[in-house]
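Peer 1: Starting from these lines, generate the structure:
(one chain, ligands or ions: 1)
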Amino acid sequence: MQRFSQSPTDPAFVQNPYPFYDRLRTAGDLAWWDDYAMPCAASHRAVHAILRDRRFGREVPPEMAPTIPDHLDAFYKVEAHSMLELEPPLHTRLRGLVLRAFTSRRIKDLSPEITALTHEKIDTFPTGAPFDILTTFCQPIPVIVIARLLGVPDDMAPQLLRWSNAMVAMYQASRTRATEDAAARAAADFSDFLRRYIDTRRNDPRDDLITHLIAAEEEGEKLSTDELITTCILLLNAGHEATVHTLGNGIKTLLETGTQQIDDQAVEEILRHDPPLHMFTRYAYEEVVLHGHTFRRGDQVALLLAAANRDPDQWPDAHRFDPTRPVTQNTSFGGGLHFCVGAPLARLELQIALPILWNRCPKLRIAEPPVYANTFHFHGLERLMVQTS
Ligand code: HEM
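Peer 2: Residues are numbered from 1 along each chain as shown. From the prediction side, this is the model:
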């Protein structure tokens, strides 16, 4: 297996990781990434296959469980019940309960609210002056939608965003002790808030996700209060972060390429071409020989979702943004058991918000060269300064 060295915090890589992904992919289905000290999959066929291979999973094998330092206790107390960090049977139970309360009809019913919210946010845009569309449009829409779906008041949205950003920073290559302290504090405060909020909802049920999940909790052994709290935090965190940056990256690309026709096909191309989450890892649970490499139990493999999406074997001229490209399955939402629960909601938000934005602001243009934040494995802009005239 060929070895590659590439710092994930190198500014040139952060701004454009795709040339490095090309180098990895030309070396074969698996290449060794020195900086992560693990093999990584960059071809579409390898990423697609490993995501679905039950001999690999996200849950840390028990014999490898790390000792949690005291200062991170609150953070990992929340993570311990996250379906994203678990495999069957725990994963099946938690995911099943969420899916039961998160039906496609329920998602579709959000369309009028997403439409109204999109217009409301566009109404606040300044005329004739540059502004950051990331904070005025891309952030508030997904945060408010997921908060409403769960049943958390709109005015909590900025606080949810702060907690969420602090927790999610734990997964960035640039993580420091300060990041860890902030994440643990956010996890503790977020949990306290939800514990109190869930108690209020118990006595005042509504037609929202928290009430549905409480019902599942009260049906018996199905969902403990700690699991309920973690599930709400996971939905709130996962429910906006990636959508915010798909909107940001998408608006940037649409403006840079002068695209006018924004339909469902263009949304799929946005998701394929410059997704917000670039890498997830898996543990091998047994000895597996794959693409000439032998994985032992506990070995990790990195799946480069954004590299798979630029595989020329799957998409001709893969680096080109082509909104008329026939839609075939990209890996931006993952695949297999952990396939994104929120994919239908994220798609709906993008399919509603972007065409309205283009209709209402036909002269929208970039006012300042956009810069990606140094937050690998996330890939999103620091800000996106635009102007409507
Ligand atoms: C464009 C926006 C989004 C993208 C690109 C995205 C991407 C992903 C990916 C790649 C995974 C799988 C990670 C892995 O396999 O290791 C995932 C899982 C997940 N996503 Fe999303 N997501 C988005 C929006 C959302 C939304 C809106 C929600 C919630 C409402 C959500 C909730 C979740 C949850 C709960 C999981 C864990 C599923 C499981 O472990 O079974 N995501 N997402």
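
Peer 1: The residue of the stretch 51-200 of the chain found nearest the ligand: what's it in contact with?
Peer 2: Closest approach between the stretch 51-200 of the chain and the ligand, counting by C-beta to the nearest ligand atom: Leu84, at 3.9 Å. All C-beta atoms are positioned from the backbone trio N, CA, C, and that covers glycine. Each residue near Leu84 by C-beta atoms under 8 Å, 6 or more residues apart in numbering is listed here: Arg58, Leu234, Ala238, His338.

Peer 1: change it to 7 Å
Peer 2: Residues counted as contacts of Leu84 (C-beta atoms under 7 Å, 6 or more residues apart in numbering) are Arg58, Leu234, His338.

Peer 1: To what extent is the second one buried, counted in neighbours?
Peer 2: Read it as Leu234. Close neighbours of Leu234, defined as other C-beta atoms under 10 Å, add up to 21.

Peer 1: Distance-wise, check it relative to the ligand.
Peer 2: Here the criterion is C-beta to the nearest ligand atom, to the nearest Å. By it, Leu234 lies 5 Å from the ligand.

Peer 1: Quick one: name the residues of the stretch 201-350 of the chain near the ligand.
Peer 2: Applying C-beta under 6 Å from any ligand atom, we find that the stretch 201-350 of the chain lies next to the ligand at 234-235, 238-239, 242-243, 246, 275-277, 280, 305, 332-334, 338, 340-342, 345-346.

Peer 1: can you give me how far stretch 142-160 is from the chain middle?
Peer 2: Put simply, stretch 142-160 sits 17 Å off its chain's centre (C-alpha atoms, centre = their mean, to the nearest Å).

Peer 1: now stretch 85-94
Peer 2: A distance of 19 Å separates the centroid of the chain from that of stretch 85-94, by C-alpha atoms, centre = their mean.

Peer 1: Now do the end-to-end distance for that stretch.
Peer 2: Start-to-end span of stretch 85-94 (C-alpha to C-alpha, to the nearest Å) is 11 Å.

Peer 1: What lies in contact with it?
Peer 2: Residues from elsewhere that reach stretch 85-94 (C-beta under 7 Å, 6+ apart): Gly57, Arg58, Glu59, Glu79, Met83, Lys222, Glu227, Thr231, Leu337.

Peer 1: longest helix in the chain, by residue count?
Peer 2: Longest among the helix segments of the chain by residue count, using DSSP state H, is helix 225-257.

Peer 1: name the helices or strands packed onto that one?
Peer 2: helix 90-101, helix 140-150, helix 157-168, helix 177-203, helix 209-218, helix 264-273, helix 343-360, strand 381-383 (3 or more C-beta pairs under 7 Å, 6 or more residues apart in numbering; DSSP states H and E).

Peer 1: What residues sit buried inside it?
Peer 2: Using 16 or more other C-beta atoms under 10 Å as the test for burial, helix 225-257 gives 227-255.

Peer 1: and stretch 293-311, which residues are buried?
Peer 2: Residues 293, 295, 299-311 are the ones in stretch 293-311 that count as buried (16+ other C-beta under 10 Å).

Peer 1: how far does that stretch sit from the chain's center?
Peer 2: 18 Å.
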